[in-house]
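Chemist: Below are the sequence and a predicted model; questions follow.
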Amino acid sequence: RAVAAAVLAVPIALSAVEAASWGTTTGDGTLRYVTDAQGRALILRGLNTASSAKSAPDGMPDYPESMVEQEHRLLGTNFVRFLIQWRNVEPRPGRYDDVYLDNVAERISWYAKRGMYVMLDMHQDVYGPATNGNGAPAWATNTDGLAAKAQDPWELGYIQPGTLRAFDHFWNTTGQHPELRRHYANAWKHVAQRFADDPAVLGYDLMNEPWGGTLPGLAFERGPLSDLYQQTTEAIREVDLNKWVFLEPRAVGVNWGLASGLRAIDDPRPGEDRIGYAPHVYPLPLDIGGQYTGSSEKWTDRTLRAWSRAVTATARRQNAPIILGEFGIDNTKPGALQFVRSVQSTAEAMRAGQAYWSADPNDGWGPWNSDKTPSELAPVLARAYPRAIAGTPTRLRYDETTATLTFSFRDKTAVTGSTEVWLPPEDFPRGATVTASDAPGSWRQTWDPESRSLSISTPRTGREHTITITPAR
Ligand SMILES: CN(C)c1ccc(C(=O)NC[C@H]2N[C@H](CO)[C@@H](O)[C@@H]2O)cc1
């Protein structure tokens, strides 16, 4: 991995210099929030499900409904970044596989049954199976006969000559395949047509970890990547005016904390844009094999602060809510669980959604062992959080040392319902003690031990509300 990062670091160093010209604002966190049918701001927590789908012939993750129930109960998840693939949506040019989409719809219903939200992620790594990756169909893969051998580590596959060529044709950098981006946008249009009326589907993550082939990072993002996002958003809006469209920056560099060059995308829907920002974070010190200890921990923390500033700056440019689409680590590494807590705290301070990579059992990264029992990561992911806030959030923090959850919000017109908080059994075995900044007697709380859900209704006062929740003694 160190070799991979070093080889890749050259273009990054160049774009880092370029990126510096972009600068980043400190910002005060996200501007906007994804809201539910009652207008409440959603704080989304979930898993990426799942890497096993990448190689499955039917494109489905090896993750039964019983595991959805288990994660919802043990981790309190209310969200999933669900992997879908272009190869399964459009196995032949212009021909869509609706049986595949029926299978996706069934999985979505497992989450819907539990009040969970689904973001569909059009996943790719290293372009597609024909270049030893996953995602793109064979008919859309043009290597011109150049080598695209499997690599160890796998990331080096991105710079295989054949893979670079496949990406260059897709982005039409070669000028020889303008049809491929159109097919991609129309594949998304077909998916959106299928799920436009499914209330559990929150929106569409247009491309996982985009790579520009031979195009350097910022030119790639400002050019063909932003063009594809605009083209695809317009195609989706022909059939779906309401789901959120989520954009990812280029992976290399931005996952490490560099600024993104994405242009702001115009959403043709009537009313407010519904464009979200869904970056990933994989700090370079850990990506090149370091562990979250000593100097590597300090560098990683610097990375997380830079990442937060850069992501907030890009989200501001787009006026977009933020969902951290991926973060993860090999749990066997020293300091791994503390790293996960650091990322959770960083995303909380931005009031961003979070999806951990990944739900797959037995890969040493996820919350499940190979026998599907909870791993040592599970209680770390089982973190108290407000699932839906009856206003505009202004502050969110969980102090794991004292198991104290504090959040603040302002009243917002047209919001109905109460604020809903999930509390894990480990930290809140006997429920919670709740204090509010509102006058005693003006607010109410209800605790449901079965769903571990705390409901808090607050009066409309025009003043900021602050709620503090600690374990009941
Ligand atoms: C050279 N390029 C383009 C590159 C290198 C490395 C990653 C990566 O580690 N990604 C982090 C995780 N994300 C994927 C799934 O989206 C996982 O397989 C990686 O662990 C991405 C791209």
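Modeler: Structure's in. What do you need? Numbers count the residues shown, from 1 in each chain.
Chemist: What strand or helix carries the closest residue in space to D144 that isn't next to it in sequence?
Modeler: The spatially closest residue to D144, leaving aside those adjacent along the chain, is R165, at 5.2 Å (C-beta to C-beta, 6 or more residues apart in numbering). (Glycine included, C-beta is placed from N, CA and C.) Secondary structure assignment for R165, by DSSP states H and E: helix 161-170.
Chemist: what's that helix packed up against?
Modeler: With contacts defined as 3 or more C-beta pairs under 8 Å, 6 or more residues apart in numbering; DSSP states H and E, helix 161-170 has these neighbours: helix 179-195.
Chemist: Can you mark which positions in the helix it packs on are buried?
Modeler: Neighbour-count burial for helix 179-195, counted by 16 or more other C-beta atoms under 10 Å, picks out 180-181, 183-192, 194-195.
Chemist: Name the residues that touch that helix?
Modeler: With contact meaning C-beta atoms under 8 Å, 6 or more residues apart in numbering, helix 179-195 is reached by 84, 86, 89-90, 93-94, 96, 98, 101, 105, 108, 120, 122, 140, 169-172, 201, 204, 206, 224, 227-228, 231-232, 234-236, 238-240, 243.
Chemist: chain center to that helix, what's the gap?
Modeler: For helix 179-195, the separation from the chain centroid amounts to 21 Å (computed by C-alpha atoms, centre = their mean, to the nearest Å).
Chemist: what's the following helix or strand after it?
Modeler: Counting by DSSP H and E, the next helix or strand C-terminal to helix 179-195 is strand 201-205.
Chemist: at contact distance from the ligand, anything in whichever helix or strand comes after that next one?
Modeler: Once strand 201-205 ends, the next helix or strand along the chain (criterion: DSSP H and E) is helix 217-220. No. Interface with the ligand: helix 217-220 contributes nothing (C-beta under 6 Å from any ligand atom), its closest point being 9.9 Å away.
Chemist: Extract the CA atoms of helix 217-220 and return them as PDB.
Modeler: Written as PDB, here are the backbone C-alpha positions of helix 217-220 (Å, rounded to 0.1, in the frame of the first residue of the first chain):
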ATOM      1  CA  GLY A 217      -7.300  15.600 -10.400                       C
ATOM      2  CA  LEU A 218      -8.600  19.200 -10.500                       C
ATOM      3  CA  ALA A 219      -8.900  19.300 -14.300                       C
ATOM      4  CA  PHE A 220     -10.800  16.000 -14.100                       C
END
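Chemist: quick check: mean pLDDT across it?
Modeler: Averaged across helix 217-220, pLDDT comes to 96.
Chemist: ok, then the element right after that helix?
Modeler: Next in line after helix 217-220, if elements are assigned by DSSP H and E, sits helix 226-237.
Chemist: buried sites along that following helix?
Modeler: Counting neighbours by 16+ other C-beta under 10 Å, helix 226-237 gives S226, L228, Y229, Q230, Q231, T232, T233, A235, I236, R237 as buried.
Chemist: How about stretch 457-473?
Modeler: Buried positions in stretch 457-473, judged by neighbour count with 16+ other C-beta under 10 Å: T458, H465, I467, I469, T470, P471.
Chemist: Same check on stretch 91-108?
Modeler: Residues of stretch 91-108 classed as buried under the neighbour-count rule (16+ other C-beta under 10 Å) are Y96, D97, Y100, L101, V104, A105, R107, I108.
Chemist: tell me the phi and psi of the last one?
Modeler: For I108, the backbone dihedrals (degrees, to the nearest 10) come out as phi -60, psi -40.
Chemist: Surely P334 is within a helix?
Modeler: No. Residue state for P334 (DSSP: H, G, I helix; E, B strand; the rest coil) corresponds to coil; a helix is not indicated.
Chemist: Pull the contacting residues for the residue nearest to D144.
Modeler: By C-beta under 8 Å, 6+ apart, the contact set of R165 is N142, T143, D144, L146, T174, G213.
Chemist: So the second one sits against G162, correct?
Modeler: Yes. T143 sits in contact with G162 when judged by C-beta atoms under 8 Å, with a separation of 3.4 Å.
Chemist: more crowded one of the two?
Modeler: Between T143 and G162, counting by other C-beta atoms under 10 Å, G162 is the more crowded of the two (21 against 18).
Chemist: residues in contact with that one?
Modeler: The contact partners of G162, taken as C-beta under 8 Å, 6+ apart, are T131, T143, D144, G145, L146, A147, A148.
Chemist: how much space between it and Q85?
Modeler: The span separating G162 from Q85 equals 20 Å under the rule C-beta to C-beta, to the nearest Å.
Chemist: What segments of the stretch 301-450 of the chain are strands?
Modeler: Listed in chain order, the strands of the stretch 301-450 of the chain (DSSP state E, counting those that start in this stretch) span 323-324, 353-356, 385-389, 392-399, 404-410, 419-422, 432-436, 444-448.
Chemist: low-scoring stretches of this protein, by residue?
Modeler: The chain contains residues with pLDDT under 70 at 1-30.
Chemist: Get me the contact residues on it for the ligand.
Modeler: Proximity of the chain to the ligand is assessed by C-beta under 6 Å from any ligand atom, with L8, D125, E155, Y158, N208, E209, W211, A251, V252, Y282, E326, W357 identified as the residues in range.
Chemist: at 8 Å instead, please
Modeler: Residues of the chain found near the ligand (C-beta under 8 Å from any ligand atom) are 4, 8, 48, 51, 123, 125-126, 154-156, 158-159, 208-209, 211, 250-252, 255, 280, 282, 287, 326, 328, 357-358.
Chemist: is it true that D121 lies in a helix?
Modeler: No. Going by three-state DSSP, the assignment for D121 is strand, not a helix.
Chemist: Phi first, then psi, for G294.
Modeler: Reported as degrees, to the nearest 10, the phi and psi values for G294 are phi 50, psi -140.
Chemist: do you know how far it is from G223?
Modeler: For G294, the distance to G223 under the criterion C-beta to C-beta works out to 40 Å.
Chemist: neighbour count winner among these two?
Modeler: Neighbour tally, G294 and G223, criterion other C-beta under 10 Å: the higher count belongs to G223, 16 against 11.
Chemist: Can you tell me the closest non-neighbouring residue to that one?
Modeler: That would be L215: by C-beta to C-beta, 6+ apart, it lies 7.1 Å from G223.
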